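# sequence and predicted structure, then a few things I'm wondering about:
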Amino acid sequence: MPFGDPKYPVVNPSPDVDQTLRSLRTSDYLLAAFISGASWSYGYVFGKPVRMATANTAMALGLTCATMAVLQNGRARLRGYRENGKELKKYGPWPVQPELAASGGRFPKATGLTSPSVQPPLN
């Protein structure tokens, strides 16, 4: 995940796999199909002695990669790091949103999910 605060409203700061799978978009399914199909094609083209076995193994690896990519994209949307208009309409925003503070410096300032009034003082 990126460093810093999310740029979009947070739907769930810690989504589980079940909620991430329920919030998949059509583009996520197309991405998974493309990665799996492309990896099968790659295995078929370059697996000369045993084409079908190589193609099927490559597709299994591609499906694993596609699953990880789709889960990462869905989780980033729920956490507010990617555009999440559809998820906001479906689930609503999280009650506690991070404070987005503009930092004038080069590095972003992570403010976290709690306001400074409830953070304990550091010694």
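Right, received. Where do you want to start?

# sketch out the low-pLDDT regions of this structure for me.
By pLDDT under 70, the low-scoring segments of the chain are 1-4, 99-123.

# relative to its centroid, which residue of it is most remote?
What lies farthest from the middle of the chain is residue 49; by CA atoms, centre = their mean that is 37.7 Å.

# is that one in a helix, a strand, or coil?
coil (DSSP: H, G, I helix; E, B strand; the rest coil).

# how close does the closest residue to residue 62 other than its chain neighbours get to residue 18?
Distances taken as CB to CB, 6 or more residues apart in numbering put residue 39 closest to residue 62, at 2.6 Å, once the chain neighbours are dropped. All C-beta atoms are positioned from the backbone trio N, CA, C, and that covers glycine. To residue 18, residue 39 is 26 Å away according to CB to CB, to the nearest Å.

# who's more crowded, these two?
Using other CB atoms under 10 Å as the criterion, residue 39 and residue 18 rank with residue 39 on top: 21 against 8.

# right, and the more buried one touches residue 56 too?
No. Residue 39 lies out of contact with residue 56 (CB atoms under 8 Å); the separation is 10.2 Å.

# identify the spatial nearest neighbour of residue 8, chain neighbours not counted.
Nearest to residue 8 is residue 80, by CB to CB, 6+ apart, at 4.5 Å.

# quick check, that neighbour in contact with residue 12.
No. Using CB under 8 Å, residue 80 makes no contact with residue 12, being 9.2 Å away.

# which of the two has more neighbours?
residue 80 (23 against 19).

# quick check on the more buried one: phi, psi?
phi 90, psi 10 (degrees, to the nearest 10).

# list of residues touching stretch 70-86?
Contact with stretch 70-86 is made by 1-2, 6-13, 15, 17, 19-21, 23-25, 28-29, 31-32, 87, 91, 98, as judged by CB atoms under 8 Å, 6 or more residues apart in numbering.
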